[in-house]
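Trainee: requesting a structural model of the entry that follows:
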Amino acid sequence: MELRHLRYFVAVAEEGSFLTAAQRRLNTSQPSLSRQIRDLENEVGVQLLERQARGVTLTAAGRVFLDHARLALLQVEAATDGARRTAEPQRPALSMGFLVGLEVMWLPHLLRILREEAPEVEVTLCTQSSPELTLALMRGKLDVAFLRPEKDSAGLIFKMLAKEPLIAVLPADHRLASRKKIRPQDLAREIYVSSARTSPVLQAVIDDYASRVGITLKARYEGENISSAMSLVASTGGISLVPLYAQNMLAPNVVARAIEGGAPTVDLALGFNQENSSPLLQRLLSRADELIASVQNQSIIRYAEVQ
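Mentor: Numbers count the residues shown, from 1 in each chain. Purely as a prediction, here's the structure:
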């Protein structure tokens, strides 16, 4: 798989047509573009696009792949910009950290704001667990991070971004997958997969919820993070509770369902060190409300029913 495959796929997905993408965006022929997309689908191992008489539409796998393809291209762009500017350390720079999967939701809007504030900004990115991001902020390794407001975070300030409802994820062929909402009692009867091994804040929310509704959730399997937990869900036939943003990471054989009776929520925050005097960081923080509104209005996340 090469970067051009990702660029071609994104162009076709956004244009909804091989011909339009080939002529308007890629300066190539339609037959050549079709071959490139077939090669990509063979490499991935699943069908990404449905060919129709009047264009193309994304399959469920294609929708997931599109989000990550966009992110990969953004990261390559950021890496290229950073490499070209290493000889000019005086240019503004910002190091950012994300919980795994959150970058797809927030990074495009964040980069737009940063480039408006400092067109020559050098951006570095990393994805880690919330405790690891907290430690990196405290040590000055990161300027800003999208994380949970951890208890042991001396010297850090958290700007609340959202209260994320938890959803249930389960195999697409699970007997409960036909329901729109999952009852708490159903969770207690199924194989439970923990998604919070490296997230004490999320684990505390889940434990409090289980106690409040009178169920016991003793994990038979534990994932290192949300992504690995969902892999365990698919392989074991179990159920896990994850924050809503994780729906962006669903594989085609896993589905998300709302929790009946009012879902618990976990806080998402923008964290930074109060001793960080970066002017660019301060300008970014001054536009945090704008960033939140942009994500809420234009998010590419396909939400589960949460009402």
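
Trainee: and the helices in the stretch 151-300 of the chain?
Mentor: 184-189, 200-213, 226-236, 279-286, 288-298 (DSSP state H, counting those that start in this stretch).

Trainee: what angle separates the longest one from helix 226-236?
Mentor: If you take axes from the mean of the first three to the mean of the last three C-alpha atoms, to 10 degrees, helix 200-213 sits at 50 degrees to helix 226-236.

Trainee: what do you get for the fourth one?
Mentor: Using the same axes, to 10 degrees, one finds that helix 279-286 and helix 226-236 are set 60 degrees apart in direction.

Trainee: list the buried residues in helix 279-286.
Mentor: Residues of helix 279-286 classed as buried: L280, L281, L284, L285 (neighbour count, 16 or more other C-beta atoms under 10 Å). Glycine gets a C-beta too; all of them are placed from N, C-alpha and C.

Trainee: hmm, back to that, out of the helices of the stretch 151-300 of the chain, deepest packed?
Mentor: Of all these, helix 226-236 has the most neighbours on average by mean count of other C-beta atoms under 10 Å, namely a mean of 20.

Trainee: that helix - what's its average pLDDT?
Mentor: For helix 226-236, mean pLDDT is 89.

Trainee: same thing with stretch 139-149?
Mentor: 93.

Trainee: pLDDT weak spots in this structure?
Mentor: Judged by pLDDT under 70, the chain has its weakly predicted residues at 85-91, 298-307.

Trainee: could you check how far the spatially most central residue of it is from D67?
Mentor: The chain has G101 as the residue nearest its centroid, 2.7 Å off, counting by C-alpha atoms, centre = their mean. Distance, G101 to D67, by C-beta to C-beta, to the nearest Å: 9 Å.

Trainee: mutual contacts of those two, please.
Mentor: N248 (C-beta atoms under 8 Å, 6 or more residues apart in numbering).

Trainee: ok so V56 is a strand residue?
Mentor: Yes: membership of V56 in a strand is supported by DSSP: H, G, I helix; E, B strand; the rest coil.

Trainee: is it in contact with L19, as I believe?
Mentor: No: with contact defined as C-beta atoms under 8 Å, V56 does not reach L19; the gap is 10.2 Å.

Trainee: more neighbours: the two, which one.
Mentor: Each of V56 and L19 has its neighbours counted (other C-beta atoms under 10 Å); V56 has more, 19 against 14.

Trainee: next up, the contacts around the more buried one.
Mentor: Shown in contact with V56 (C-beta under 8 Å, 6+ apart): V12, A13, G16, S17, F18, L49, E50.

Trainee: let's see it at 6 Å
Mentor: Neighbouring residues of V56 by C-beta atoms under 6 Å, 6 or more residues apart in numbering: L49.

Trainee: neighbours around R183, how many?
Mentor: R183 has 16 neighbours, counted by other C-beta under 10 Å.

Trainee: look up how far K218 lies from it.
Mentor: 18 Å.

Trainee: check S153 too.
Mentor: Per C-beta to C-beta, S153 is found 29 Å from K218.

Trainee: the longest helix in the protein is where?
Mentor: If you go by DSSP state H, the chain has its longest helix at helix 60-84.

Trainee: from the middle of its chain, how far away would that one be?
Mentor: Put simply, helix 60-84 sits 12 Å off its chain's centre (C-alpha atoms, centre = their mean, to the nearest Å).

Trainee: which of the residues in it are buried?
Mentor: 60-67, 69-71, 74, 78.

Trainee: would you mind listing the outside residues contacting that helix?
Mentor: Applying C-beta under 6 Å, 6+ apart, the external contacts of helix 60-84 come out as 6, 9-10, 13, 46, 48-49, 104, 122-123, 248, 252, 300.

Trainee: can I get those in a markdown table with distance to L241?
Mentor: As requested, those are exported to a markdown table (distance: C-beta to C-beta, whole Å):
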| residue | distance to L241 |
| --- | --- |
| L6 | 32 |
| F9 | 32 |
| V10 | 32 |
| A13 | 31 |
| V46 | 27 |
| L48 | 29 |
| L49 | 32 |
| V104 | 20 |
| E122 | 38 |
| V123 | 32 |
| N248 | 16 |
| P252 | 21 |
| I300 | 23 |
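
Trainee: quick one: which of those sit in helices?
Mentor: Within these, residues falling in helices by DSSP H are L6, F9, V10, A13, V104.

Trainee: I'd like to know how far H5 sits from R287.
Mentor: In terms of C-beta to C-beta, H5 sits 35 Å off from R287.
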